[in-house]
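*Asks:* Output the structure for:
(one chain, ligands or ions: 2)
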Amino acid sequence: MRKFIAALSLVLITALWSASYGQCGSGCCATPKVDKIIYMIGDGMGVAHVTAYMLENGYRPINLDRAQTVGLVKTHSANNRVTDSAAAGTALATGHKTNNSVLGQDPDGNPLESIMAKAGKRGMGTGIVVTSYLTDATPGAFYAHVGYRGEHEKIAAQLAESGIDVFMGGGAHSFNERKDGVDLTEKLAADGYHVVFDFNDLSGVTDGRAAGFLTREPMPYITDGRDENYLADATAKTLEILTNNDKDGKGFFIMVEGSQIDWAGHGNSYENIITETKDFDDAVGVAFDYADSHPGTLVVVLADHETGGLSLVPGDPDFTKAESGISGAFSTGGHTAIMIPMFAYGAGAEKFTGVFDNTDIPKIMESLLFGE
Ligand code: MG
Ligand code: ZN
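*Replies:* Ligands and ions are numbered 1, 2, ... in the order given. A predicted model of the protein is given here:
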């Protein structure tokens, strides 16, 4: 009987191993099968930002508590130990360091190809969801190649040419109020995109290509009126469309940004850090749930850098007494050089435990996704 149980256990363990590590044929392979990646960037989200949301939520579990592995990531750029979002986004998208303010090219001006562009070339679905504007540095790092991140109309034209299947966010004016008179939203519609200016107009769209220009300017903070379900709903909608498009099982690569955690850090607004981090964490929950029900999905959540030098300080420094309140204390209105936290979930999550450089992250993803 004992032998039988031992044999049965072995069969079960082998079956579980195969289920979690994909089609390995008769033997077992060390590399898990990953064909769908959800890359989630909380702009400016340091450990303190996540902790602030955890403690303001009364330590009830948040979605990031579900992470299966965690890591730490160094963020310096090619020319500054304190990075900006352009250089950091370029590192996270292409695996190469560049100078601050440069997007999608190296310090000498040579273009760098992003993992999203490579996925698109392989026939995989692609998508971008942000809460800022579509031509901002973080999304731009995945499709644009410019020497200066402020060239919004040039960046917008590069997005319209990128072939990315689904994208949504703010900043419509760089597309349809351009100095060159070209209306890129009309061009995209002519190219077959479902073009909308209100997120609710995507409710009936379940496949194909979609472009959402949801505000003329950058989207507002949640505390200034942005729909508090937008980022989670937009993430779910992008996953729905790309899943329905994926008839041949090639998979997809999407990037979801909690853009305004950074702005709250710049503004030294503890209140907006809580609401924007919660908003991002809600979208993380959508991604983790998707990974639960869709084998081969990897979710990696990280930041591009820390913003604000946030600390969580007690009302009374005498910690032998009971708590007298905690407040968010900022040490700068800019970015800092502090390592950022990374959380991974789903297929291949075990590859993201340790201490990394930001350029390592897309390289590991490429080895999982493309086998390179
Ligand atoms: Mg950003
Ligand atoms: Zn910033």
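*Asks:* Sketch out the strands for the stretch 201-350 of the chain, chain order is fine.
*Replies:* Assigned by DSSP state E, counting those that start in this stretch, the strands in the stretch 201-350 of the chain fall at 209-213, 252-258, 297-302, 306-307, 311-314, 326-329, 335-336, 340-346.
*Asks:* wait, which of those strands is closest to ligand 1?
*Replies:* Proximity to ligand 1 (Cβ to the ion) singles out strand 252-258 among these, at 5.6 Å. To be clear about C-beta, it is placed using only N, CA and C from the backbone, and glycine gets the same treatment.
*Asks:* ok, the closest one: who's next to it in the sheet?
*Replies:* strand 36-42 (parallel), strand 125-133 (parallel) (DSSP bridges).
*Asks:* what helix or strand is the residue of the chain at minimum distance from ligand 1 on?
*Replies:* Nearest to ligand 1, among the residues of the chain, is residue 138, at 3.2 Å (Cβ to the ion). Residue 138 belongs to helix 137-140 when assigned by DSSP states H and E.
*Asks:* Give the buried residues for that helix.
*Replies:* Buried residues in helix 137-140, defined by neighbour count with 16 or more other Cβ atoms under 10 Å: 137, 138, 139, 140.
*Asks:* If you average the pLDDT over it, what comes out?
*Replies:* Averaged across helix 137-140, pLDDT comes to 98.
*Asks:* could the strands paired with strand 252-258 go into JSON lines alongside mean pLDDT, mean neighbour count and distance to ligand 1?
*Replies:* As requested, the strands paired with strand 252-258 are exported to JSON lines (pLDDT from 0 to 100; neighbours: other Cβ atoms under 10 Å; distance: least, Cβ to the ion, whole Å):
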{"stretch": "strand 36-42", "mean pLDDT": "98", "mean neighbour count": "28", "distance to ligand 1": "7"}
{"stretch": "strand 125-133", "mean pLDDT": "98", "mean neighbour count": "27", "distance to ligand 1": "6"}
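*Asks:* Take those strands and write them to TSV, including distance to residue 150.
*Replies:* Output for those, formatted as TSV (distance: least, Cβ to Cβ, whole Å):
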stretch	distance to residue 150
strand 36-42	20
strand 125-133	12
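*Asks:* quick one, what contacts residue 42?
*Replies:* Counting by Cβ atoms under 8 Å, 6 or more residues apart in numbering, residue 42 touches 49, 257, 258, 261, 277, 280, 301, 302, 303.
*Asks:* could I have stretch 265-275 exported to CSV, CA atoms only?
*Replies:* Extracted as CSV, the C-alpha positions of stretch 265-275 are listed here (Å, rounded to 0.1, in the frame of the first residue of the first chain):
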residue,chain,number,x,y,z
GLY,A,265,5.1,61.8,-5.9
HIS,A,266,6.2,64.9,-7.7
GLY,A,267,3.3,66.8,-6.1
ASN,A,268,4.1,65.4,-2.7
SER,A,269,0.5,64.4,-2.4
TYR,A,270,0.1,61.5,0.0
GLU,A,271,-3.7,61.4,-0.7
ASN,A,272,-3.1,60.9,-4.4
ILE,A,273,-0.4,58.3,-3.8
ILE,A,274,-3.0,56.2,-2.0
THR,A,275,-5.7,56.6,-4.6
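*Asks:* now that stretch, how far from the chain's geometric center?
*Replies:* Computed by Cα atoms, centre = their mean, to the nearest Å, the chain-centroid distance of stretch 265-275 equals 19 Å.
*Asks:* can you check stretch 325-335 too?
*Replies:* On Cα atoms, centre = their mean, the centre of stretch 325-335 falls 24 Å from that of its chain.
*Asks:* confidence score at the spatially closest residue to residue 94 that is not a sequence neighbour?
*Replies:* Nearest non-adjacent residue to residue 94, counting by Cβ to Cβ, 6 or more residues apart in numbering: residue 112, 4.0 Å away. Here the pLDDT value assigned to residue 112 is 98.
*Asks:* Tell me who's in contact with residue 112.
*Replies:* 90, 93, 94, 96, 98, 104, 105, 106, 145 are the contacts of residue 112 under Cβ under 8 Å, 6+ apart.
*Asks:* Tell me which of those residues fall in strands.
*Replies:* Applying DSSP state E to the contacts of residue 112, no entry is found in strands.
*Asks:* Now do the contacts for the closest residue to residue 236 other than its chain neighbours.
*Replies:* Closest residue to residue 236 apart from its sequence neighbours, by Cβ to Cβ, 6+ apart: residue 286 at 5.1 Å. Neighbour list for residue 286: 232, 235, 236, 239 [criterion: Cβ under 8 Å, 6+ apart].
*Asks:* Give me the below-cutoff pLDDT ranges for the protein.
*Replies:* Across the chain, the ranges flagged by pLDDT under 70 are 1-31, 372.
*Asks:* Enumerate the residues of it near ligand 1.
*Replies:* Contact residues (Cβ under 5 Å from the ion) of the chain with ligand 1: 43, 85, 138, 259.
*Asks:* of all these, which two lie farthest apart?
*Replies:* For those, the farthest-apart pair by Cβ to Cβ is 85 and 259; their separation is 9.0 Å.
*Asks:* list the residues that contact both of these two?
*Replies:* With Cβ under 8 Å, 6+ apart as the test, residue 85 and residue 259 both reach 43, 136, 138.
*Asks:* center of this protein, which residue is that?
*Replies:* residue 40 (2.0 Å; Cα atoms, centre = their mean).
*Asks:* beta partners for that one?
*Replies:* Assigned bridge partners for residue 40, using DSSP bridges, are residue 256, residue 301.
*Asks:* Alright, that wraps it up for me.
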